[in-house]
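Asks: Model the structure of this input:
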Amino acid sequence: MILVEYNSDRPKMVQKIIMYGVHVLCYCSLFSLSSCTLMTNTVPAPTQLSNLLKQNLVLLPDNDFEHLPHFLKENKIIFLGGIHKVKPLMQAASRLAVYLATYKPVVYALELVYGAHPLMEAVSLGAEKQINPMQYTETIRAFNANQTEDKKILLTALDIEHSIYNNKKETKLFLQELANRSTSDAASYAISEEVTHLTVQDTYGKMNRYLDKLKKVFSQHFDTFSSEDRDEILFSMELLTASNRYYQYKAAGGITEALTRPWDIRHKYFIKTIERAYRKAQKRKAILLCRVGTAHARLDHKLEAWYFAKKYSRTKGRVGSIGLIPLYYDTSETNDTVTEKYNDIDSIVKILMKDYEYSYLPLSELQKNSKNSFKWSKYYSNSAPKYDGLLFVRIEKNSN
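Replies: All right, here's what the predicted structure looks like:
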């Protein structure tokens, strides 16, 4: 209620203006309230939600990804976000890669350590070397076996050099591989000798001093490398230094330095490695498919998928984001905790999927066909979808 003091001494025209303003204010308030009711935050009734999902859920019988929305193939980058090291999710990602590769070449980039990329690229192009089968699945291996080199799915790696503070295995192999690219045997030997000292660096200070020395050894023989390899060396030294800083701050419980937080370091260089993978995709006239952790693929956080979808000029407006959602089909496990009785999209999708292994839900379409806001759902943030769509994956108990 709005109270206005009446003053008989005021001119009648002034009084009319005041009362008119009050009426307008009241009308606007009522309109605002009525507008809020057009899009309610309440959860749709069970039958409403079920009908919405029936209308929008795309079932993929016989693992046929042809039923996926056509526009996915038109993207320059697709981020596929989900839990790591879950075999059915990796298999789903591999099948998506093969589906895309039947239309256009694909660079398939995994969130690992950047230093793993030379091995992954070599193996995917036919080199007989050992690689983790979860990274190079039989699905992709079989596809590549029947393709010319330009049509093969090229595997590569993204992210900072995590192994620099752990087993150092991938980092050492990577640096050794860089040393072997020199056109001079003497240069390769000198750099390789320095690389062997990597494994004894066990503190931030030691690693920093070691990296400075390693840079000098590379620079002494810089003219023995191709221009492309020089670029790789310069970036790799920068990345290793940043990775060392990241783990120093992280291990120290989040010490900050001049407004730089540990996460900022990783985010900056994660983006740089994706940019490098995108350059490889451009050379092959390929789609870049990034298999990353859940947060990195979300469009409501200012992380990697958001950056390439909204800020990076070369891909802005041409980026897709898909959440990989595991649906556990057993009585002892659930894929999430349901806080309210009818807030569970997953349980309805499980019923609709029946015996199918995969289904796809376009999140924008789901909200477009409803007067209800989906702010209540774990797949939306402030009523906007966190991903363009969800790829649901059926997982049987003990299947992983």
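
Asks: For the helix or strand where residue 320 lies, which helices and strands make contact with it?
Replies: Here residue 320 sits within strand 319-329, counting by DSSP states H and E. Under the contact definition 3 or more CB pairs under 8 Å, 6 or more residues apart in numbering; DSSP states H and E, strand 319-329 sits against strand 77-81, helix 87-101, helix 304-310, helix 345-353, strand 389-396. Heads up, the C-betas are built off the backbone N, CA and C, glycines and all.

Asks: List the residues that contact the residue most central in space within the chain.
Replies: In the chain, the residue lying closest to the centroid (CA atoms, centre = their mean) is residue 297, at 2.9 Å. Residues in contact with residue 297 (CB atoms under 8 Å, 6 or more residues apart in numbering) are 79, 80, 81, 82, 290, 304, 305, 321, 322, 323, 387.

Asks: With adjacent residues omitted, what lies nearest to it?
Replies: residue 81 (2.5 Å; CB to CB, 6 or more residues apart in numbering).

Asks: ok, the one you found - contacts?
Replies: Counting by CB under 8 Å, 6+ apart, residue 81 has contacts 292-298, 305, 321-324, 387.

Asks: Let's see if you can find the most crowded of those.
Replies: In terms of neighbour count, residue 305 stands highest of those at 30 neighbours, by other CB atoms under 10 Å.

Asks: Surely that residue is in contact with residue 293?
Replies: No. Using CB atoms under 8 Å, residue 305 is not in contact with residue 293; the gap is 11.0 Å.

Asks: Tell me which helix or strand the nearest residue to residue 204 once chain neighbours are set aside sits in.
Replies: Spatial nearest neighbour of residue 204, chain neighbours left out: residue 248 (4.1 Å); criterion: CB to CB, 6+ apart. Element membership for residue 248 (DSSP H and E) is helix 227-251.

Asks: from the middle of its chain, how far away would that helix be?
Replies: Distance of helix 227-251 from the chain centroid (CA atoms, centre = their mean, to the nearest Å) equals 21 Å.

Asks: Mind giving me the packing neighbours of the helix or strand following that helix?
Replies: Sequence-wise, the next helix or strand downstream of helix 227-251 (DSSP H and E) is helix 262-283. Counting contacts by 3+ CB pairs under 8 Å, 6+ apart, helix 262-283 packs against strand 77-81, strand 106-111, strand 154-158, helix 227-251, strand 287-292, helix 304-310.

Asks: which parts of the last one are buried?
Replies: Neighbour-count burial for helix 304-310, with 16 or more other CB atoms under 10 Å as criterion, is recorded at 304, 305, 306, 307, 308, 309.

Asks: what does stretch 156-166 give?
Replies: 156, 157, 158, 159, 160, 161, 162, 163, 164, 165.

Asks: Please apply the same query to stretch 223-230.
Replies: Within stretch 223-230, judged by 16+ other CB under 10 Å, the buried ones are 224, 225, 230.

Asks: out of the residues you listed, who's nearest residue 100?
Replies: Proximity of the buried residues of stretch 223-230 to residue 100 (CB to CB) peaks at residue 230, which lies at 32.6 Å.

Asks: Just give the closest residue to that closest one, not the sequence neighbours.
Replies: Nearest to residue 230 is residue 222, by CB to CB, 6+ apart, at 6.2 Å.

Asks: and the gap between the one you found and residue 187?
Replies: Going from residue 222 to residue 187 by CB to CB, to the nearest Å gives 9 Å.

Asks: Please say which of these two ends up with more neighbours.
Replies: Higher neighbour count among residue 222 and residue 187: residue 187, with 20 against 13, using other CB under 10 Å.

Asks: My guess is the more buried one contacts residue 224. True?
Replies: Yes. Counting by CB under 8 Å, residue 187 sits close enough to residue 224 to count as a contact (4.5 Å).

Asks: still on that earlier bit, which neighbours in the sheet does the strand holding residue 320 have, and how are they oriented?
Replies: Counting by DSSP bridges, the strands paired with strand 319-329 are strand 77-81 (parallel), strand 389-396 (parallel).

Asks: In JSON lines, list these along with mean pLDDT and distance to residue 379.
Replies: Output for the strands paired with strand 319-329, formatted as JSON lines (pLDDT from 0 to 100; distance: least, CB to CB, whole Å):
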{"stretch": "strand 77-81", "mean pLDDT": "98", "distance to residue 379": "12"}
{"stretch": "strand 389-396", "mean pLDDT": "95", "distance to residue 379": "7"}
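
Asks: Highest mean neighbour count out of those?
Replies: Highest mean neighbour count among the strands paired with strand 319-329 (mean count of other CB atoms under 10 Å): strand 77-81, with a mean of 25.

Asks: just for this protein, where's the confidence low?
Replies: 1-42, 250-260, 331-343, 398-400 (pLDDT under 70).

Asks: Domain map for it?
Replies: Per automatic domain parsing, the structural domains of the chain span 1-38, 46-83+294-400, 105-285.

Asks: Show me what the helix or strand harbouring residue 216 is in contact with.
Replies: Assigned by DSSP H and E, residue 216 falls within helix 204-220. Helix 204-220 is contacted by residues 164, 175, 178, 187, 190-191, 194-195, 197-198, 200-201, 233, 237, 240-241, 244-245, 247-248, 251 when judged by CB under 8 Å, 6+ apart.

Asks: Using PyMOL, define a selection of the buried residues within the residues you listed.
Replies: Those of these that count as buried under 16+ other CB under 10 Å are selected in PyMOL with:
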select buried, resi 164+175+178+187+190+191+194+195+198+201+233+237+240+241+244+245+247+248
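
Asks: Just the endpoints, please. Distance across stretch 351-366?
Replies: Using CA to CA, to the nearest Å, the end-to-end distance of stretch 351-366 comes to 17 Å.

Asks: Also stretch 191-207?
Replies: Taking CA to CA, the first and last residues of stretch 191-207 lie 16 Å apart.

Asks: Residue 106 contacts residue 99, correct?
Replies: No. At 9.3 Å, residue 106 and residue 99 do not qualify as touching, with contact defined as CB under 8 Å.

Asks: Looking at those two, which is more packed in?
Replies: residue 106 (27 against 19).
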